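> kindly generate the corresponding structure for this input.
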Amino acid sequence: MTTVRDVCDRLKTIAPLRLAEDWDNVGLIVGDENREIERILTCLTLTSDVADEAVQSRAGLIITHHPILFKPVKSITANTPEGRILLTLIRHEISVYSPHTAWDNSDCGINQQLAERLELHDIRPLRPHKAEEHIKIVTFVPEPQLEALRSAMWNAGAGVIGNYEKCSFTTRGTGSFQGSETTQPAVGRAGQFEQIDEVRLEIVCAPQQLDRVLNALREGHPYEEPAVDLFSARSLGDGAGSGRMGTLSTPMTLAQLNRIVAEKLRQPNLQFVGDPSQTIKRLGIACGAAGEFLHDAHRAGCQAFLTGEVRFHGCLEATELGIALILPGHYATERFAMEALAARLGQEFPGLPATASHHETDPVRTA
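Model (predicted):
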């Protein structure tokens, strides 16, 4: 049988949680990782209708794009809609996982899928992630004590590079030293020149973990005064980032692009801001309610920016900047990707049905 953990581990590969925005609440939010499940249900937003559907269909795991418990809470009671939903799910032992902005930003996630649906070329992040800063720690230790010291530093948080952990590098050489008569060397004698076989150990750590890792090094190192070198370093970056931008196969007017977007997203009533005759060559994309990416799109030279919804003053700002807005609606820019995620999980876990909610609909309607 498949467990909640099995699916969560796969989701973390599809949409690595490190790609999520700092303010987000992603990962397993409710549930027992060890529980076996018989069905998966995906949705854009976890409502009472979706929760009831999960109960009726015997789904053991709901994957909701928008997190429940998005803001800190002090109590969970039946006096609030969210509380009632959570109590229902807990009573029926249904787990809840949210990939949210990790799924938005993944190289196979929502924004990438939107760009590919519109057949953009030269697709890349609209807001690239900054290269990570880290500290490389170099120390020297006798080989018999290497594994114990390295494990202590790993356990303190060192050795993490992207999605990999327990990273290190070692080289062998000869170390020399001579302590004063007052020293108590772990190897050799005080006041005597020594040469011994040592291993050079290199491990990286995040700046915020440095003090903890150095404490582990001092406590775990056999030497009275271990040699330690610290180097400031920066990763090459992984090409990841938020939103997407790309070039249209053929330049077209805003009116023509609007028709294509409406067809591709099955949203005939999309809204837009700008001159319908304006020529569009480069398009910026950020799913959902992502008006904060407007200036990123403008700086990147996009003539139009597609997102689900923007506040009124954001529309005025776009007009002042001379960049068009295409607004198909929050639901239209994200729901299709939850359907695609269900289909993918169904293929990757044969025998475990995975479906998108049949009860979920766009709450925004047109007359």
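
> surely residue 31 touches residue 92?
No: counting by C-beta atoms under 8 Å, residue 92 is not a contact partner of residue 31; they are 10.9 Å apart. In this view, the C-beta of every residue, glycine as well, is placed from N, C-alpha and C.

> looking at those two, which is more packed in?
In this view residue 31 and residue 92 are compared by other C-beta atoms under 10 Å, and residue 31 has more residues nearby, 21 against 13.

> that one - nearest residue in space that isn't next to it in sequence?
Leaving aside its sequence neighbours, residue 31 sits nearest to residue 95 (C-beta to C-beta, 6 or more residues apart in numbering; 2.5 Å).

> repeat for residue 66
Spatially, and ignoring its direct neighbours in sequence, residue 66 is nearest to residue 45 (4.6 Å; C-beta to C-beta, 6+ apart).

> so residue 54: helix, strand or coil?
Per DSSP: H, G, I helix; E, B strand; the rest coil, the local secondary structure of residue 54 is helix.

> and it, how many neighbours?
For residue 54, using other C-beta under 10 Å, the count is 26.

> low-confidence stretches in the stretch 251-367 of the chain?
Residue ranges of the stretch 251-367 of the chain with pLDDT under 70: none are present.

> tell me where it has helices.
Secondary structure of the stretch 251-367 of the chain (DSSP state H, counting those that start in this stretch): helices at 254-264, 294-299, 312-321, 330-348.

> compute the inter-axis angle for the last one and helix 254-264.
Compare the direction of helix 330-348 with that of helix 254-264 by axes from the mean of the first three to the mean of the last three C-alpha atoms, to 10 degrees and you get 40 degrees.

> by contact count, what packs against helix 330-348?
helix 4-14, strand 40-45, strand 61-66, helix 110-117, strand 354-356 (3 or more C-beta pairs under 8 Å, 6 or more residues apart in numbering; DSSP states H and E).

> need those in a markdown table (columns: mean neighbour count).
Output for the helices and strands packed on helix 330-348, formatted as a markdown table (neighbours: other C-beta atoms under 10 Å):
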| stretch | mean neighbour count |
| --- | --- |
| helix 4-14 | 18 |
| strand 40-45 | 25 |
| strand 61-66 | 24 |
| helix 110-117 | 23 |
| strand 354-356 | 19 |
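
> can you lay out these as TSV showing distance to residue 319?
Converted to TSV, those look like this (distance: least, C-beta to C-beta, whole Å):
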stretch	distance to residue 319
helix 4-14	38
strand 40-45	29
strand 61-66	29
helix 110-117	23
strand 354-356	36
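
> out of those, flag the one nearest residue 336.
Among these, the nearest to residue 336 by C-beta to C-beta is helix 110-117 (7.5 Å).

> next helix or strand past that closest one?
The helix or strand immediately downstream of helix 110-117 is strand 121-124, counting by DSSP states H and E.

> about what we covered before: right, and the residue nearest to residue 31 touches residue 30 too?
Yes: contact criterion C-beta under 8 Å: residue 95 and residue 30 qualify, at 5.9 Å.

> of the two, who's got more company?
Using other C-beta under 10 Å, the more surrounded residue of residue 95 and residue 30 is residue 95, with 26 against 19.

> ok, back up a step: can you pull the contacts of the residue nearest to residue 31?
4, 28, 30-33, 35, 37, 60-62, 89 (C-beta atoms under 8 Å, 6 or more residues apart in numbering).

> any idea how far residue 13 is from it?
Residue 95 is 18 Å from residue 13, where distance means C-beta to C-beta, to the nearest Å.

> ok, now residue 309?
30 Å.

> ditto for residue 69
Plainly put, residue 69 is 24 Å away from residue 13 if you go by C-beta to C-beta.
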